[in-house]
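Q: what would the 3D arrangement of this be:
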Amino acid sequence: TVGGGMKRDSVVLWVFGFLIFGVWIGLQFRTDVKQDRSKLDQFFRYLEYEYVDTLDIDGLMDDAMDHILSSLDPHSAFIPAEDSEYIAQRMQGNFSGIGVEFRIHEDTLVFVSIMKNSPAASYGLLAGDRIITIDGDTVVGPQLTNDEVTSRIKGEEGTYVTFGIMRDGLHLTAAVQRGIIPLESVVSTQMLGSLGYVRMERFAETTHDELLVALDRLDSLNMRGLILDLRGNPGGYLHEAVAIADEFLSEDKSIVITKYGDGKTHTSKASGGQRYEDLPLHIIIDGSSASASEVVTGALQDHDRATVYGTTSFGKGLVQEDKILSDGSKVRLTVAYYYTPSGRSIQKPYEGADLPGQMEGTVFTSDSGKVLLASGGIEPDIYLSADSSNSYYWSMSFGTMDAFAFDQIDAQRSDYELWTFERFVTDFELSDMQLYSFLEYGSYGLTLEDLSSTDMDEIRFLLKAAYAKNIWGFDAYRNVLRTDDVVLKEVVRAASTTLK
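A: Just a heads-up that it's a prediction; the model follows:
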């Protein structure tokens with residue numbers, strides 16, 4: 001009908017009008033964006049189309065973003081897409097693989113240790129296995145790298161990786177199904193007299209759960225106090241730090257204050273009702289304890305819940321958020337500052353920061369009135385530093401010690417595998433002949449006669465740790481080193497005197 005046709009035409013006109021208006025709005029927005037970006041766009045177009053040589057424009061853009069971010073503050077950063085997955089795996093607490101530690105020895109891939117209960121262990125792979133092929137491709141030669149091996153062994157859960165193996169002169173084939181491999185952040189749990197001891201390596205997605213398991217185990221062994229070792233812990237997820245501090249604080253106690261650039265603040269508080277709110281607590285920190293480590297330590301120190309030992313912590317009190325770009329790379333951007341419950345800034349001063357002026361002349365105190373220093377980082381209550389007077393032998397290449405230990409173990413692997421780790425720690429000692437062989441191996445220009453008894457004891461100790469690594473893996477290496485940890489020994493002595 002005529003009326004129906006006029007109505008239909010009217011609707012079409014209205015729709016067309018809205019479309020024109022929407023396009024106009026979009027063009028205005030795009031024009032504004034283009035104007036804002038015009039210089040940068042022009043710059044890269046000139047490089048791409050007019051520079052005399054061919055350039056990697058994407059790489060240059062990455063470099064430019066990295067330079068800009070690194071100039072803002074110490075912790076804003078650009079993370080390339082290829083690094084994002086590795087970082088994410090470490091922080092999520094697991095990855096998909098087979099559970100082996102390996103080394104490339106004389107252009108050959110060798111499995112050094114096999115993780116207990118891993119897919120590799122279930123299949124029957126052994127430490128000392130030489131890997132000739134992976135999925136049919138030869139992996140022997142000077143071009144072989146750790147990154148290549150890692151990328152070939154890892155893969156989706158449930159998929160298979162096939163190895164060609166040389167073992168005791170026999171050629172073997174093994175198709176191993178990949179599974180989930182835990183990346184533990186609580187790397188040591190033990191009783192030291194009446195004190196429980198926990199060493200935490202980072203604050204990953206599983207750290208709070210791992211700590212509760214460790215505390216339950218120590219509690220079953222009649223733990224009367226806890227030493228929490230955060231040395232070398234670079235931090236991680238804030239929510240994990242808050243959950244861990246909450247285990248030791250009563251209800252409504254502040255844990256950390258986050259202050260954003262727009263002036264807004266957020267205070268995380270303890271929920272209360274936890275089992276360990278009254279457990280005597282001792283924390284060890286050092287110059288590499290950062291971020292989430294400082295949040296936990298600062299909160300427990302401010303509320304007089306822990307005695308802090310060691311050296312001043314790193315001083316990372318800047319909060320970063322990851323902004324994901326279209327290619328999977330990330331802009332890790334500083335968006336806020338961390339403060340302890342008493343108001344201390346965790347961040348150490350840096351050029352361009354407002355913090356030094358804000359903190360200057362301010363006196364901070366704990367709940368009991370103890371004066372707290374606030375110069376960036378967390379200052380310990382009791383200063384303890386490892387003796388560095390014998391640091392010369394620590395400067396000997398660890399790679400040389402590690403390679404020497406591997407050769408020694410590999411030549412007599414069946415004999416060394418008869419040792420238990422516990423007996424190794426107490427009974428194993430390197431002979432003078434082994435020490436002489438190491439000095440020759442490393443071409444240090446030293447003989448046994450050049451060394452004092454103290455020198456020889458230190459080298460023996462470091463080599464013993466390297467031997468442990470090549471029998472049981474990296475955790476064993478750290479556990480051997482800890483048997484001569486002078487700071488830990490002093491903390492145990494001091495903490496033991498406070499037990500009722």
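Q: quick check: buried residues in stretch 429-440?
A: Neighbour counts over stretch 429-440 (16 or more other CB atoms under 10 Å) mark 430, 435, 438, 439 as buried. C-betas here are computed from N, CA, C, even on glycine.
Q: need those in a markdown table (columns: distance to residue 398).
A: Shown next, in a markdown table, are the buried residues of stretch 429-440 (distance: CB to CB, whole Å):
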| residue | distance to residue 398 |
| --- | --- |
| 430 | 16 |
| 435 | 17 |
| 438 | 13 |
| 439 | 16 |
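Q: in strands, which of these fall?
A: If you go by DSSP state E, the buried residues of stretch 429-440 have nothing in strands.
Q: ok, residue 233 - contacts?
A: By CB atoms under 8 Å, 6 or more residues apart in numbering, the contact list for residue 233 reads 200, 201, 202, 203, 288, 289, 290, 292, 293.
Q: with adjacent residues omitted, what lies nearest to residue 271?
A: Leaving aside its chain neighbours, residue 271 sits nearest to residue 246 (5.8 Å; criterion: CB to CB, 6 or more residues apart in numbering).
Q: distance check, residue 223 against residue 273.
A: The spacing between residue 223 and residue 273, counted by CB to CB, to the nearest Å, is 20 Å.
Q: and residue 316, by the same measure?
A: Counting by CB to CB, the gap from residue 316 to residue 273 is 31 Å.
Q: the more surrounded of these two?
A: Neighbour count, other CB atoms under 10 Å: between residue 316 and residue 273, residue 316 has more, with 24 against 9.
Q: isn't that one right up against residue 289?
A: No: if you go by CB atoms under 8 Å, residue 316 and residue 289 don't touch, sitting 9.3 Å apart.
Q: hmm, residue 167 is touching residue 127, no?
A: No: shown here, residue 167 and residue 127 do not form a contact pair, counting by CB under 8 Å, at 10.7 Å.
Q: more crowded one of those two?
A: Set residue 167 next to residue 127 and count neighbours by other CB under 10 Å: residue 127 wins out with 22 against 13.
Q: tell me which element that one is part of?
A: Assigned by DSSP states H and E, residue 127 belongs to neither a helix nor a strand.
Q: show me what contacts it?
A: Contact partners of residue 127, counting by CB under 8 Å, 6+ apart, are 111, 112, 113, 114, 413, 417, 471.
Q: not counting its neighbours along the chain, what's nearest it?
A: Nearest residue to residue 127, sequence neighbours excluded (CB to CB, 6+ apart): residue 113, at 5.3 Å.
Q: same check, this time on residue 382
A: Using CB to CB, 6+ apart and skipping the chain neighbours, the partner closest in space to residue 382 is residue 309 (4.8 Å).
Q: quick one, which of the contacts of residue 127 are buried?
A: Buried members of the contacts of residue 127, counted by 16+ other CB under 10 Å: 111, 112, 113, 114, 471.
Q: which ones among those residues map onto helices?
A: Using DSSP state H, residue 471 are the members of those that sit in helices.
Q: in strands, which of the buried ones among the contacts of residue 127 fall?
A: Here DSSP E is the test, and the buried ones among the contacts of residue 127 give 111, 112, 113, 114 as lying in strands.
Q: closest to residue 304 out of the residues you listed?
A: Of all these, residue 304 sits closest to residue 113, with 42.9 Å by CB to CB.
Q: quick one: contacts for that closest one?
A: 100, 101, 127, 470, 471, 472, 473.
Q: in the sheet, who's paired with it?
A: Residues in a beta bridge with residue 113, per DSSP bridges, are residue 101.
Q: and it, how far from residue 307?
A: From residue 113 to residue 307 the distance is 37 Å (CB to CB).
Q: where does the stretch 51-200 of the chain dip in pLDDT?
A: Counting by pLDDT under 70, the stretch 51-200 of the chain has low-confidence residues at 89-90.
Q: check contacts around the closest residue to residue 314 other than its chain neighbours.
A: If you skip the residues right next to it in sequence, residue 314 has residue 290 as its closest partner in space, 3.7 Å away by CB to CB, 6+ apart. Applying CB under 8 Å, 6+ apart, we find residue 290 in contact with 233, 234, 235, 313, 314, 315, 316.
Q: same deal with residue 307?
A: When contacts are counted by CB under 8 Å, 6+ apart, residue 307 is found next to 281, 282, 283, 381, 382, 494, 495, 498.
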